[in-house]
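> Just the structure for this:
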Amino acid sequence: MEPKIDHLQFTVKDFTKAEEFYDQLMPILGFDLTMKSKGRVDKHDFDVVEYVHENLTIGINSPRKEFESENVHRRKPGSVHHLAFKANSKEEVDTLYQAVLKTKANIVAPPQLYPQHGEYYYALFFKDLDGIKLEIVYEKRD
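Next up, the predicted model:
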């Protein structure tokens, strides 16, 4: 088997607001909204939106009623710490940063070198409306 992620789904706090946010963000990250699908899984009581790309599908799910008031925290066991998207260059990270600024994303740190992650690690860190941490990164590798 070749290690390749097929899809990733995560639960958001406010499904409607999250869909509006991700409808803005996903095209910036290379997803075509005409490939977006939306549905409901009655058996498990959740709504889902999936953003489909040939390399990866990312889905957002509505929360269960009993968890709607809980806050997202990436350090809770079972939580996704962050999701990083690979850019092709530092210049692409900078260009995408300008596009991300037009969304309601919370910019954690603008594009810059992060030598603590590697000599050539250049990244932008931001969070979605629920506080889910996202990253766009370019790392020159020899």
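
> And D94, what's its pLDDT?
Confidence at D94, expressed as pLDDT, is 98.

> Remind me what the helix or strand in which it is found packs against, helices and strands.
Under the criterion of DSSP states H and E, D94 resides in helix 90-101. When contacts are defined as 3 or more CB pairs under 8 Å, 6 or more residues apart in numbering; DSSP states H and E, helix 90-101 sits against helix 15-28, strand 106-113, strand 121-127, strand 133-139. From N, CA and C alone the C-beta is placed, and that goes for glycine too.

> Kindly reformat these as CSV containing mean neighbour count.
CSV is the format used below for those (neighbours: other CB atoms under 10 Å):
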stretch, mean neighbour count
helix 15-28, 17
strand 106-113, 14
strand 121-127, 20
strand 133-139, 19
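
> in the chain, what spans have low per-residue confidence?
Applying pLDDT under 70 to the chain picks out residues 142.

> Can you name the residues that contact the closest residue in space to V12 that isn't next to it in sequence?
Nearest residue to V12, sequence neighbours excluded (CB to CB, 6 or more residues apart in numbering): A18, at 3.8 Å. The contact partners of A18, by CB atoms under 8 Å, 6 or more residues apart in numbering, come to V12, I60, D128, L129, D130.
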